[in-house]
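[1] fold the following, please.
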Amino acid sequence: MPAPSLLAPCSGRLLTSSHHPSPLIQSQWLGHTTCIDVSGNQVFAPADAVISYISPAGNFIHLNTDALGRILLCLGAHEPANKLTALHRHVGSGDEVTRGTPLLSLNQALIRRQANAYNLMAVILQPNYSFDKLTLRESGAVTALESELVIQKDI
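    Have a look, this model is predicted:
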């Protein structure tokens, strides 16, 4: 059975988790992790999901999916922020979204001036047990909702 697709939630350049400011994310303790140096101004839902939590600022989003399991999207430091003027939320906790639904708008000029590397998004996959042998891409350019992040589907 093939693993479900996980498309990039934003455009940018992929980096390994070691580039993220959070030790939890660097160690991939939270799940399969890749990072994106965000170059676009939108973050989209990478799959059909329910937003189980979004921080007040929008820099931490927890999505529950039937097909993939849990997906965490973390911009910058792992602490959920209360307010970031560079981010504008389009969804709230409890919202149901489909792949491609805009989650956030980003002001690149403001976000790159922030401390804590808020331009760097960690994409963390906590898969259903049947999809526990996934490998995520860690290099190259990605385009939002076009570039596949899963490169090994050995399940």
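
[2] how about the helices in this protein?
    23-26, 108-111 (DSSP state H).

[3] ends of stretch 125-144, what's the gap?
    Start and end residues of stretch 125-144 are separated by 17 Å (Cα to Cα, to the nearest Å).

[4] shaky segments in the chain?
    Counting by pLDDT under 70, the low-confidence segments of the chain come to 1-3, 78-81, 115-116, 129-132, 152-155.

[5] for this structure, just list every one of the strands.
    12-15, 32-38, 42-44, 49-54, 60-65, 69-75, 87-89, 96-97, 102-106, 120-127, 134-136, 140-142, 150-153 (DSSP state E).

[6] follow-up on the earlier one: wait, which of the helices of the chain is closest to residue 16?
    The closest of the helices of the chain to residue 16 is helix 23-26. By Cβ to Cβ, the value is 8.8 Å. C-betas here are computed from N, CA, C, even on glycine.

[7] pull out the buried positions in that closest one.
    By neighbour count on 16 or more other Cβ atoms under 10 Å, the buried set for helix 23-26 is 25-26.

[8] which residues outside that helix are in contact with it?
    Helix 23-26 is contacted from outside by 17-18, 20, 30, 33, 35, 74, 78, 122, 124, using Cβ atoms under 8 Å, 6 or more residues apart in numbering.

[9] just the buried members of those residues?
    Buried among the contacts of helix 23-26 by 16+ other Cβ under 10 Å: 17, 20, 30, 33, 35, 74, 78, 122, 124.

[10] list just the nearest of the residues you listed to residue 105.
    residue 74 (17.2 Å).

[11] I'd say that closest one and residue 62 touch.
    No - in terms of Cβ atoms under 8 Å, residue 74 does not count as a neighbour of residue 62; the distance is 9.4 Å.

[12] before we move on, the earlier item: and which of the buried ones among the contacts of helix 23-26 is nearest to residue 151?
    In terms of Cβ to Cβ, no member of the buried ones among the contacts of helix 23-26 lies closer to residue 151 than residue 33, at 13.7 Å.
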